[in-house]
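**Q** Quick one, structure for this:
(6 chains, ligands or ions: 12)
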6 protein chains.
Amino acid sequence: MADVRLLYLNESVQKFGIERKTSRFGVLGVPMDITSSFRPGSRFAPHKVRQVSQFIEFLSLRTGVDMSEVGFADFGDVILHPSDVAENVERISQVASYISDQGKVLISIGGEHTITVGTVLGVKADCVLSFDAHLDLRDEYMGYKYDHACVQRRLSERGVRIMEIGNRGIGRDEIEYAKSMSIPFITSHEVRVLGPKEVARRTINFLETCNRIYITYDMDAIDPAYAPGVATPEPEGLDPSTVLDIMNLVIDKRVVGFDVVEITPSYDPTEITSVLGAKIILETAAALKSKSP
Amino acid sequence: MADVRLLYLNESVQKFGIERKTSRFGVLGVPMDITSSFRPGSRFAPHKVRQVSQFIEFLSLRTGVDMSEVGFADFGDVILHPSDVAENVERISQVASYISDQGKVLISIGGEHTITVGTVLGVKADCVLSFDAHLDLRDEYMGYKYDHACVQRRLSERGVRIMEIGNRGIGRDEIEYAKSMSIPFITSHEVRVLGPKEVARRTINFLETCNRIYITYDMDAIDPAYAPGVATPEPEGLDPSTVLDIMNLVIDKRVVGFDVVEITPSYDPTEITSVLGAKIILETAAALKSKSP
Amino acid sequence: MADVRLLYLNESVQKFGIERKTSRFGVLGVPMDITSSFRPGSRFAPHKVRQVSQFIEFLSLRTGVDMSEVGFADFGDVILHPSDVAENVERISQVASYISDQGKVLISIGGEHTITVGTVLGVKADCVLSFDAHLDLRDEYMGYKYDHACVQRRLSERGVRIMEIGNRGIGRDEIEYAKSMSIPFITSHEVRVLGPKEVARRTINFLETCNRIYITYDMDAIDPAYAPGVATPEPEGLDPSTVLDIMNLVIDKRVVGFDVVEITPSYDPTEITSVLGAKIILETAAALKSKSP
Amino acid sequence: MADVRLLYLNESVQKFGIERKTSRFGVLGVPMDITSSFRPGSRFAPHKVRQVSQFIEFLSLRTGVDMSEVGFADFGDVILHPSDVAENVERISQVASYISDQGKVLISIGGEHTITVGTVLGVKADCVLSFDAHLDLRDEYMGYKYDHACVQRRLSERGVRIMEIGNRGIGRDEIEYAKSMSIPFITSHEVRVLGPKEVARRTINFLETCNRIYITYDMDAIDPAYAPGVATPEPEGLDPSTVLDIMNLVIDKRVVGFDVVEITPSYDPTEITSVLGAKIILETAAALKSKSP
Amino acid sequence: MADVRLLYLNESVQKFGIERKTSRFGVLGVPMDITSSFRPGSRFAPHKVRQVSQFIEFLSLRTGVDMSEVGFADFGDVILHPSDVAENVERISQVASYISDQGKVLISIGGEHTITVGTVLGVKADCVLSFDAHLDLRDEYMGYKYDHACVQRRLSERGVRIMEIGNRGIGRDEIEYAKSMSIPFITSHEVRVLGPKEVARRTINFLETCNRIYITYDMDAIDPAYAPGVATPEPEGLDPSTVLDIMNLVIDKRVVGFDVVEITPSYDPTEITSVLGAKIILETAAALKSKSP
Amino acid sequence: MADVRLLYLNESVQKFGIERKTSRFGVLGVPMDITSSFRPGSRFAPHKVRQVSQFIEFLSLRTGVDMSEVGFADFGDVILHPSDVAENVERISQVASYISDQGKVLISIGGEHTITVGTVLGVKADCVLSFDAHLDLRDEYMGYKYDHACVQRRLSERGVRIMEIGNRGIGRDEIEYAKSMSIPFITSHEVRVLGPKEVARRTINFLETCNRIYITYDMDAIDPAYAPGVATPEPEGLDPSTVLDIMNLVIDKRVVGFDVVEITPSYDPTEITSVLGAKIILETAAALKSKSP
Ligand SMILES: [Mn+2]
Ligand SMILES: [Mn+2]
Ligand SMILES: [Mn+2]
Ligand SMILES: [Mn+2]
Ligand SMILES: [Mn+2]
Ligand SMILES: [Mn+2]
Ligand SMILES: [Mn+2]
Ligand SMILES: [Mn+2]
Ligand SMILES: [Mn+2]
Ligand SMILES: [Mn+2]
Ligand SMILES: [Mn+2]
Ligand SMILES: [Mn+2]
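**A** Residues are numbered from 1 along each chain as shown, chains lettered A, B, ... in the order given. Ligands and ions are numbered 1, 2, ... in the order given. Just a heads-up that it's a prediction; the model follows:
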């Protein structure tokens, strides 16, 4: 394994779920937590999500797939610069491309949402489906372009097509940008009215022309009752089954990667946010496996 | 500012949200926490709710109002006696009347529910709409008339008309008193069956003859999953969207004040109860603004 | 009270709710917590559930029964061996039979789910209705037959008929065993689709031929948002009202005992899981009282 | 037991340590927590201290006394008014006198320090030895005479002689009052310089003319490192061994009661403050037993 | 107040202790928390330290100074860039110089230790006395020059003379740099052997030729038992009295500023670290007041 | 690596400190936590101690050894039976002997103290030096011979010579057994009087005739102020520097293994107990390295 991109990999970490080196699912921890403006600590999420993943059930009832048979190939954590976000996005992108080049579906565990800029570019996705309380379409945040509130803007600027679901903490400028760039978003209020099936129908429509799809789960998309341990909890969110039902209806073999970001263990004393993060990874991988066995 | 009622104001506190002295919304912290019979600590809620209010989004999707443009005029905290509740109710009433006299809509952050006796009297409301797991219609609690379990009884005795929503921890004597005084209440079970629109219809009906309306959100009205950090959590509560949808349907320019009470930060390690409290303040103010621009 | 079965009773504990020695409801704490493979601490649940039971309302709105008039006869805690589970199951069974022989409905507060083997045998139930995220039908867990993951299997092997509701963390071997033994189970996904009334109808059907019914509430049946403090939280669970509605529809005077197990106070900093456990006890007792006054 | 003073006793609580009704040591829980101006929650201390008392060792190395042989007679908790401190002090006094009249040494577990006014009067002590970060000699606190900051002042006014040890959070007016009333106090800084033996010598001197001695341990006397879970932590306190060494040197059979107050379990997540409180009770009882077998 | 340096000041915050605008002590919150490599959260310390400062005693026994008479002039918080540390150091420096130019002694509350580069330069100190578990003399940390592990190195490079006390988590390269630059340091082990008086003597010696002295208290200098809530707890630290005794012996009117940094409230559930931070501020200000009335 | 003893090794875990496969120090996690009678959770200690070991400094000031150059060879965790302690002791012993046979010094991280029976037998030690609040010399605990309170008794019965330091929670029967078997113990009170040097002298004396020495650190030996997160905190313990000073004076190349046990992360919210555990491992390894380079 002499690929230069491995210089940024720390392999001495707890492994996710049941390890199986030949699994098509390549797990990557990305403990970056620099621009979290409210509650920091997402840096500990890769560690914690892997820990609780040892204890949950691996049979997906939604799909019938038993992930204990499929397993996960855990590549470890990206080694990060302490404060240079642009440098980190580059490192993440390189490690993600390394894993992707081996034919793996990339599963990355954040860290703050900014890491998704790196992973999406690394796996060369042309479309992103984002579950998020926020649109993350800010041009900048307090003068800074690589903030977690700007993730989808940065990707959109590089030609990646974006669709967002579950949003409710939104700025006026973001709505305008979304309109100008034809970025569809379905707020959490609309999801409640429309129901998962109609949301899935619209999403499938959006994804039709995509070749390489990436799904990002900002855990704050979920209601704080179910996912209290996030950097910026925002009331009136989605419930987990709605998110997983939508995912299960829209996913197919074009998905080249997905991530779970913004889990903040220090604000999650009951650990239910990390457990839910692990569950979302399992169900998404199982759905993908069931669609392309 | 030589009004004698200001003697009881401590202004050296963190301010709520974005400060704007000319805003029509006057915020008042009331850190009283004396009669909490189960879990104490609501004294810290004004401080905590203000802190988290710095980090949430200010654009209300329900109404289209951007509260960052409206802002809040925060008057600080009421200075309280350590154990004399009657004295404190009097002080709260005076400070509330001072703020009300300036043409502001009073937004008070408790503290235990007992503070509402003071604020309602201070703003001279003739009707109270209460979201609460409890009826708070006890004549006395262990021989004490100013307990948080007696709030609505004290107000009712002074001629204020009361309507209650979301109740489920109720005593037989309270039901009888409510009947005898024509105090309508809709339990959380009934809310689930009726739906927010029908509940709103009945509420609008009740409010028809009111001149000065006051809304009180005892946070225990909300289910403990969404609002665990309260003095007396009671299962089978309302979900936040139901509460906000009802509020949004019934509110109009007759509202002269509202409060959020019973948040107990020491039992809210994830801070989601305080975040929800701040959100309820934002949405209620935005709704009011949208109804009377 | 010279019954030899009392040797295993520690009476010097906090009592549940309002004590009334003549009540038909006999409370028993069973602080066993040995085989919890993930998060330990259910040993503290009897203590904590009794503590919070002092502070909740006793009038059941579902049934109109006021449990403060009925009260509870609290027998204290079973004295347990530090690591011999089989020995403990025997002790629990003996103490349970002692309470049952006095004509009491047994209410036991776990402890891990394994205690249910003892209480079911002690009260000589022929049918068990189990709310649980898991089927607990493992033949063994890491070579061990008395694990909490094997509870229903052990009971089934002794001829007790089982029905399960709310399951979602399931192994393939368990599904096969359930089929082979005609153990019906309704997953949490199915409960959501069917609704409480249809679930109740199927349950009543199953219970038709039973003589002595036992209900066990593994608190992980409930969604982690409502019951975070359990040994193995599993996303996508039931909400409390659904559980209580089903219970209220199916319960009748054949119920000889019930329990609340797997509450883990050290992972319940907001105490809402313990409060919900106390509430489930109150509502179930009230429903039973209303069905056989 | 028809004594009218028993009306205020709730016996349905967890018992302290090993119960022995004939023990000379009478335990009383006093969960009053009304005037705590900073961090509330001492109301839960009787419950918590009793819980952890089940798990500590009972052999006192300092004295050679094995308290598991002596045991404790736990009378339960005083039933308190929710906000009337004067009324509560009266109730506490009556229950304390009842226990004292039976020839027991009273051991009371607070609750805020104000309870000591009641217990000292109840056991008719003429001298109080107080370990406390504060002098508690305020005439009033915010206009209130029954605040926890006024305890020793109230007792001094009724002719009880006071000596204080470990103080460091002190007001100028308190120093003056202490001087004017010949109330000796040894600050924590002075204790460090003098050493336990010299402090004990001075204390023995002070106690010489006393007939009925009462010791009160305000847990904030101890340094916050050892006792973080108190209402008002104050740095630079005493270490536990120093406190216990002094106690052991000065105690004799004239001691008619002692208490441990101001433990605040909600600020004691590691429980070490409650464990230390239980330990202080054990060592003090053991020392008393060793001095008058 | 039209000074351009005020652009970076947020005044809408809770104020420290008792506010007195004319006090010679100017308080500044600096919630920067970007390079914390282990446990983040020091951004919340200014808020928390100010909150607990409301509840502690203001009379300093060490000096006889009553700080409630002196008071503090709290200027609020520095407004910071979310990730550009160099930019922030510049802002901090400007605001610090503004406060210093008004003749105030600057008291800054961090935030991570990196803020001290800004405050020291802002107040134009020529000497720094640092209490710290670490030497913070790294040339860089993972390629980054503005890390909290490099604070003293950056200052040393700009000609500021440094002395350090209480160190124990040290790298070999730091020892060499210290030697080469004649930076004296006294490890925590040496402090224990030498005693506060000898340490003070050596410090006074070092300070002899200084004109403008700055003291920085990295709270991790203190042992984790007394100060658990810091970013990088390191065992075998100093006890608080030793630190304050040394400070009291060496301080004089040449001190132009001091700070308390690295408090991390999310790892301080008992709040004793924040209380100790507030106490250190009080005692240092009192000592300074007593030396130059 | 086809040794059959490796069947019980799970290697997919976070590694301790800086990994170096050729290091003479072989780390082993032993997450057994079955007989903890008070506070469970030591099963999570291997995971947590390894996590915090990533963040502490590796240069030992006591010895001058830089452990980042030496590194650790982490073998992973022992795979354990969920409730059969005897079986687990056998597994632990086998894995320990495997590591020992490779010429490594075994460093095991518990888990409850019972694991030490397995590791001592596995490394064929003839002498054990134990730091512990307890003597662990019970013949049985509630009828059980493999309880954590019986560890040293079980070893003593197999001919291993024992010496104990820091004890204070002791039963009379243990004192008698210690006398009858010539097991020297120095209580924490005696350590305070004697000082580390005299304690070391006596220990060296005891160890004179030993060939293979094993050191076990039950973290409850340390005072709860420094190590709150243990299963059974016992006041009046040793301070960390005393323990490390004694260790450093007595250690030599005969030491074939050591362990840190009884850390309980769920009662250690500040993580200082785990950090101290990691530090003790570093200092002990460094001392050993310095004595036999
Ligand atoms: Mn996002
Ligand atoms: Mn988001
Ligand atoms: Mn209320
Ligand atoms: Mn209520
Ligand atoms: Mn179960
Ligand atoms: Mn279960
Ligand atoms: Mn006191
Ligand atoms: Mn005190
Ligand atoms: Mn530093
Ligand atoms: Mn430091
Ligand atoms: Mn031990
Ligand atoms: Mn021990």
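**Q** Give me the secondary structure label for A:Phe258.
**A** On the three-state scheme (DSSP: H, G, I helix; E, B strand; the rest coil), A:Phe258 is labelled strand.
**Q** Can you tell me which residues in the stretch 151-293 of chain A are near ligand 1?
**A** Within the stretch 151-293 of chain A, the positions near ligand 1 by CB under 5 Å from the ion are A:Asp218. For glycine as for every other residue, the C-beta is placed from the backbone atoms N, C-alpha and C.
**Q** Mind doing that once more with 6 Å?
**A** Listed as neighbours of ligand 1 in the stretch 151-293 of chain A under the rule CB under 6 Å from the ion: A:151, A:218.
**Q** Equivalent analysis for the stretch 1-150 of chain A, please.
**A** Going by CB under 6 Å from the ion, the residues of the stretch 1-150 of chain A near ligand 1 are A:113, A:132, A:134, A:136, A:148.
**Q** which among those end up buried?
**A** A:113, A:132, A:134, A:136, A:148 (16 or more other CB atoms under 10 Å in any protein chain shown).
**Q** Return the closest of the residues of the stretch 1-150 of chain A next to ligand 1 with respect to chain C.
**A** For those, the residue nearest chain C by CB to the nearest CB is A:Asp132; the value is 18.8 Å.
**Q** ok, now which ones touch the closest one?
**A** For A:Asp132, the contact set (CB atoms under 8 Å, 6 or more residues apart in numbering or on different chains) comprises A:113, A:152, A:164-167, A:216, A:218, A:220-221.
**Q** out of those, who's nearest D:Val243?
**A** If you rank those by distance to D:Val243 using CB to CB, A:Asp220 comes first, at 48.3 Å.
**Q** what residue ranges in chain A score low on pLDDT?
**A** Scanning chain A for pLDDT under 70 picks out A:1-2.
**Q** In it, which residue sits nearest ligand 10?
**A** Ranked by CB to the ion, the top residue of chain A for proximity to ligand 10 is A:Pro82, at 15.2 Å.
**Q** so how far is ligand 5 from A:Thr264?
**A** 30 Å (CB to the ion, to the nearest Å).
**Q** Counting neighbours, what do you get for the closest residue to that residue other than its chain neighbours?
**A** With sequence-adjacent residues excluded and distances taken as CB to CB, 6 or more residues apart in numbering or on different chains, A:Thr264 is closest to A:Gly41, at 4.4 Å. Using other CB atoms under 10 Å in any protein chain shown, A:Gly41 is surrounded by 22 other residues.
**Q** show me what contacts A:Gly41?
**A** A:33, A:231, A:264-267, E:40-41, E:266.
**Q** List only buried entries from those residues.
**A** Applying 16+ other CB under 10 Å to these, the neighbour count classes A:33, A:231, A:264-267, E:40-41, E:266 as buried.
**Q** Make TSV out of these and add distance to E:Asp259 and secondary structure.
**A** Output for these, formatted as TSV (distance: CB to CB, whole Å; DSSP: H, G, I helix; E, B strand; the rest coil):
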residue	distance to E:Asp259	secondary structure
A:Asp33	24	coil
A:Ala231	27	coil
A:Thr264	27	coil
A:Pro265	29	helix
A:Ser266	24	helix
A:Tyr267	27	helix
E:Pro40	19	coil
E:Gly41	17	coil
E:Ser266	20	helix
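**Q** quick one: which of these is nearest chain C?
**A** Taking CB to the nearest CB as the measure, chain C sits nearest to A:Tyr267 out of the buried ones among the contacts of A:Gly41, at 11.4 Å.
**Q** show me where the stretch 1-150 of chain A has helices.
**A** Under the criterion DSSP state H, counting those that start in this stretch, the stretch 1-150 of chain A contains helices at A:45-53, A:67-70, A:85-101, A:115-122.
**Q** angle of the first one against helix F:45-53?
**A** Using axes from the mean of the first three to the mean of the last three CA atoms, to 10 degrees, the interaxial angle of helix A:45-53 with respect to helix F:45-53 works out to 180 degrees.
**Q** and helix A:45-53, C-alpha only, in CSV?
**A** What follows is helix A:45-53, C-alpha atoms only, in CSV (Å, rounded to 0.1, in the frame of the first residue of the first chain):
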residue,chain,number,x,y,z
ALA,A,45,-17.9,11.3,16.6
PRO,A,46,-15.9,8.9,14.5
HIS,A,47,-14.5,7.3,17.7
LYS,A,48,-17.9,7.2,19.4
VAL,A,49,-20.0,6.0,16.4
ARG,A,50,-17.6,3.1,15.9
GLN,A,51,-17.8,2.2,19.5
VAL,A,52,-21.6,2.0,19.6
SER,A,53,-21.6,0.2,16.3
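**Q** what packs against it?
**A** Helix A:45-53 is packed against strand A:25-30, strand A:105-110, strand A:255-261, helix A:272-291, with contacts defined by 3 or more CB pairs under 8 Å, 6 or more residues apart in numbering or on different chains; DSSP states H and E.
**Q** sorry, back to before: out of the buried ones among the contacts of A:Gly41, which is nearest to E:Lys291?
**A** Closest to E:Lys291, out of all of those and judged by CB to CB, is E:Gly41, at 34.4 Å.
**Q** Any idea what the closest residue in space to A:Gly110 that isn't next to it in sequence is bridged to?
**A** Closest residue in space to A:Gly110, ignoring its immediate chain neighbours: A:Val261 at 3.3 Å, by CB to CB, 6+ apart. For A:Val261, the beta-bridge partners are A:Asp218 (DSSP bridges).
**Q** same deal with A:Asp66?
**A** A:Leu59.
**Q** you'd agree it is up against A:Glu57?
**A** No - with contact defined as CB atoms under 8 Å, A:Asp66 does not reach A:Glu57; the gap is 9.4 Å.
**Q** more crowded one of the two?
**A** Using other CB under 10 Å as the criterion, A:Asp66 and A:Glu57 rank with A:Glu57 on top: 20 against 15.
**Q** OK, contacts around the more buried one?
**A** C:134, C:168-171, C:234.
**Q** Those residues: which two are farthest apart?
**A** The span of the contacts of A:Glu57, defined through CB to CB, is set by C:Gly171 and C:Glu234 at 12.9 Å.
**Q** Tell me which of these two has more neighbours.
**A** With neighbours defined as other CB under 10 Å, C:Gly171 and C:Glu234 compare such that C:Glu234 has more, 27 against 18.
**Q** Can you tell me the number of residues neighbouring the residue of chain A found nearest ligand 7?
**A** Closest residue of chain A to ligand 7, CB to the ion: A:Pro269 (31.1 Å). Applying other CB under 10 Å, we find 23 residues neighbouring A:Pro269.
**Q** for A:Ile18, same thing?
**A** 16.
**Q** Distance-wise, check A:Ser290 relative to A:Asn248.
**A** The gap separating A:Ser290 from A:Asn248 is 9 Å, by CB to CB, to the nearest Å.
**Q** Mutual contacts of the two, please.
**A** A:Thr63.
**Q** These two: who's more crowded?
**A** Neighbours were counted for A:Ser290 and for A:Asn248 using other CB under 10 Å; A:Asn248 has more, 20 against 15.
**Q** Identify the residues contacting that one.
**A** Counting by CB under 8 Å, 6+ apart, A:Asn248 touches A:62-63, A:283, A:287.
**Q** what helix or strand does the one residue in chain A that gets nearest to ligand 8 sit in?
**A** Scanning chain A for the residue nearest ligand 8 gives A:Pro269, at 29.3 Å (criterion: CB to the ion). Element membership for A:Pro269 (DSSP states H and E) is empty, with no helix or strand holding it.
**Q** surely it meets B:Glu271?
**A** No - counting by CB under 8 Å, A:Pro269 does not reach B:Glu271; the two are 11.1 Å apart.
**Q** how far away is the residue of the stretch 101-250 of chain A found nearest chain C from B:Val70?
**A** Closest approach between the stretch 101-250 of chain A and chain C, counting by CB to the nearest CB: A:Ala225, at 4.1 Å. Shown here: A:Ala225 relative to B:Val70, a distance of 28 Å by CB to CB.
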